[in-house]
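# here is my input, please return the structure:
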Amino acid sequence: MGNAAHSSPCVGHGQQSALPTQDDGSTCKCAISLMAPVMGSEITCSKFLPVVVEAAKDRVPNIKFNVAKLMQTLIPIVDQSVVDKIIRQCLVDLSEDPDVDVRYFANQALRSIDYAAVAQS
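Okay, the predicted model is just below:
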């Protein structure tokens, strides 16, 4: 469990640092996945997505595969241009991770982007 000095800056204060612990990452993932549909695309892109993208650079595989799972839930919420410019690239990077689970969840999210694109056409 993270202590107060290491809690994750999920929302506010302009902080956009990586999630420092797995517990903080899970808490933040849960909070973002619940808040993003309610907050909408603009808030999700400006407040949540930078934190999620930064967390994708974490060295802990569990945080990275949770980022991939979270990004998959953000796909229907954000504009397609954000999916194409930010989310897809982040997932492509994660799909090349040394950890098999990170690659699996990143590829699963990438497939859902492709599926959503086919469904829209």
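# residue contacts, the closest residue to residue 105 other than its chain neighbours?
Closest residue in space to residue 105, ignoring its immediate chain neighbours: residue 68 at 3.8 Å, by C-beta to C-beta, 6 or more residues apart in numbering. Backbone N, C-alpha and C define where each C-beta goes, glycine included. The neighbourhood of residue 68, defined by C-beta atoms under 8 Å, 6 or more residues apart in numbering, consists of 56, 91, 94, 102, 105, 106, 108, 109.
# from those residues, list just the buried residues.
Buried by 16 or more other C-beta atoms under 10 Å: 56, 91, 94, 102, 105, 106, 109, out of these.
# the fourth one and residue 56: what is the separation?
Taken as C-beta to C-beta, to the nearest Å, the spacing of residue 102 relative to residue 56 amounts to 9 Å.
# give the residues shared as contacts by the two.
Counting by C-beta under 8 Å, 6+ apart, the residues touching both residue 102 and residue 56 are 64, 68, 94.
# contact partners for the last one?
So the one you mean is residue 94. 56, 64, 65, 67, 68, 102, 103, 105, 106.
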